[in-house]
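Student: okay, here's the prediction I keep looking at, along with the sequence it came from:
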Amino acid sequence: MKSILLTLMIFVSGFITLLWTDNVARSEIESSEYQIEYLTNENYDQRVSQQGVAVVEFWASWNRESEYPLESLTGARLYRVDIEQEWELAYDMEIESLPTIFIYKNGELRHVDESDISFKRKNDIGHIQDEIDYLLYE
């Protein structure tokens with residue numbers, strides 16, 4: 001009986017910790033200098049065609065452990081596309097693996113960073129920041 005109670009307590013404690021860290025992460029994103037906007041098929045072209053640098057991450061909730069920490073990037077507008085909701089856009093953009101990052105400058109696609117076949121990122125967030133910095137100062 002004690003082992004069942006202990007197991008239950010550990011489970012509840014882990015669940016509460018998971019909820020708390022998820023809420024903290026969300027509040028940090030909301031208070032960051034560059035907020036992450038979720039794009040749809042209807043607003044995608046308009047957002048990425050604006051002046052400056054735009055970073056778009058195609059992702060899915062079932063692959064959260066591989067999503068990029070976009071909120072740590074500077075110098076660019078930050079966007080995400082949830083392919084579960086916007087599957088037509090993902091199809092149109094020929095997304096084959098998640099996460100996939102597109103970096104635009106003044107509406108022109110300048111860099112694509114795709115994950116490998118096992119849905120793991122090939123590059124770290126520092127590589128994405130280097131690409132942004134290059135585009136800002138070229």
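Tutor: Perfect, I can see it now.
Student: dump the residue contacts of the nearest residue to Thr40 once chain neighbours are set aside.
Tutor: Of all residues not flanking Thr40 in the chain, Glu86 sits nearest, at 5.8 Å (CB to CB, 6 or more residues apart in numbering). Any C-beta I mention is one placed from the backbone N, CA and C, and that applies to glycine too. If you count contacts by CB atoms under 8 Å, 6 or more residues apart in numbering, Glu86 has them with Leu39, Thr40, Asn41.
Student: and the residue nearest to Asn63 when sequence neighbours are not counted, what does it touch?
Tutor: Once flanking residues are discounted, Asn63 sits nearest to Leu98: 5.0 Å by CB to CB, 6+ apart. Counting by CB under 8 Å, 6+ apart, Leu98 touches Phe58, Trp59, Ala60, Asn63, Ser66, Ile83, Ser115, Phe119.
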